[in-house]
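>>> sequence and computational prediction follow.
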Amino acid sequence: MLVPCIRPQVRANGSTEYVSTVMNVAAPLTSNAIYTLLCNFIPDLVFRFPMPVSLIIVFTIRTLQFACVHAG
């Protein structure tokens, strides 16, 4: 989010001049639900979520294989 601001700038001769600029400020996550969903939740879902699910699937299959071998 761009916010207008005024900043003091000291010149070489010691005088102060006020310059109008624009500052880039991060928007709070609660202000825009779509931004929060697209930029936080979906990348977390894509990059963090598959690994635990994959491990659970692998360990479940190995446990079932182990149980079948020792049951028979």
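Thanks, I have it. Bear in mind the structure is a predicted one, so any value in this text is a computation, not a measurement.
>>> now stretch 22-37, how far from the centre of its chain.
Between the mean C-alpha point of stretch 22-37 and the mean C-alpha point of its chain there is a distance of 12 Å (CA atoms, centre = their mean, to the nearest Å).
>>> correction: the previous question concerned stretch 6-14.
Averaging C-alpha positions (CA atoms, centre = their mean) puts stretch 6-14 37 Å from its chain's average.
>>> and that stretch, end to end?
Terminal residues of stretch 6-14 are spaced 18 Å apart (CA to CA, to the nearest Å).
>>> got it, and stretch 38-46?
11 Å.
>>> mean confidence score for the longest helix anywhere in the chain?
Ranked by number of residues, the top helix in the chain under DSSP state H is helix 50-71. Taken as a whole, helix 50-71 has a mean pLDDT of 86.
>>> and that helix, what does it pack against?
Other helices and strands packing on helix 50-71, by 3 or more CB pairs under 8 Å, 6 or more residues apart in numbering; DSSP states H and E, are absent; none qualifies. (Each C-beta comes from the backbone N, C-alpha and C, glycine too.)
>>> i'd like the first residue to be 469 from this point on
Sounds good: first residue 469 from here, last item helix 518-539.
>>> just the CA atoms of it, as CSV, please.
Only the C-alpha atoms of helix 518-539 are listed here, as CSV (Å, rounded to 0.1, in the frame of the first residue of the first chain):
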residue,chain,number,x,y,z
PRO,A,518,1.9,-32.2,0.9
MET,A,519,4.9,-33.4,2.9
PRO,A,520,3.1,-34.4,6.1
VAL,A,521,0.2,-36.0,4.1
SER,A,522,2.8,-38.0,2.0
LEU,A,523,4.5,-39.2,5.2
ILE,A,524,1.2,-40.3,6.7
ILE,A,525,0.3,-42.2,3.5
VAL,A,526,3.8,-43.9,3.4
PHE,A,527,3.7,-44.9,7.1
THR,A,528,0.2,-46.2,6.8
ILE,A,529,1.1,-48.4,3.9
ARG,A,530,4.2,-49.7,5.6
THR,A,531,2.2,-50.4,8.8
LEU,A,532,-0.4,-52.3,6.9
GLN,A,533,2.3,-54.3,5.0
PHE,A,534,4.0,-55.1,8.3
ALA,A,535,0.7,-56.2,9.9
CYS,A,536,-0.1,-58.4,6.9
VAL,A,537,3.2,-60.1,7.0
HIS,A,538,3.1,-60.9,10.8
ALA,A,539,-0.6,-61.8,10.8
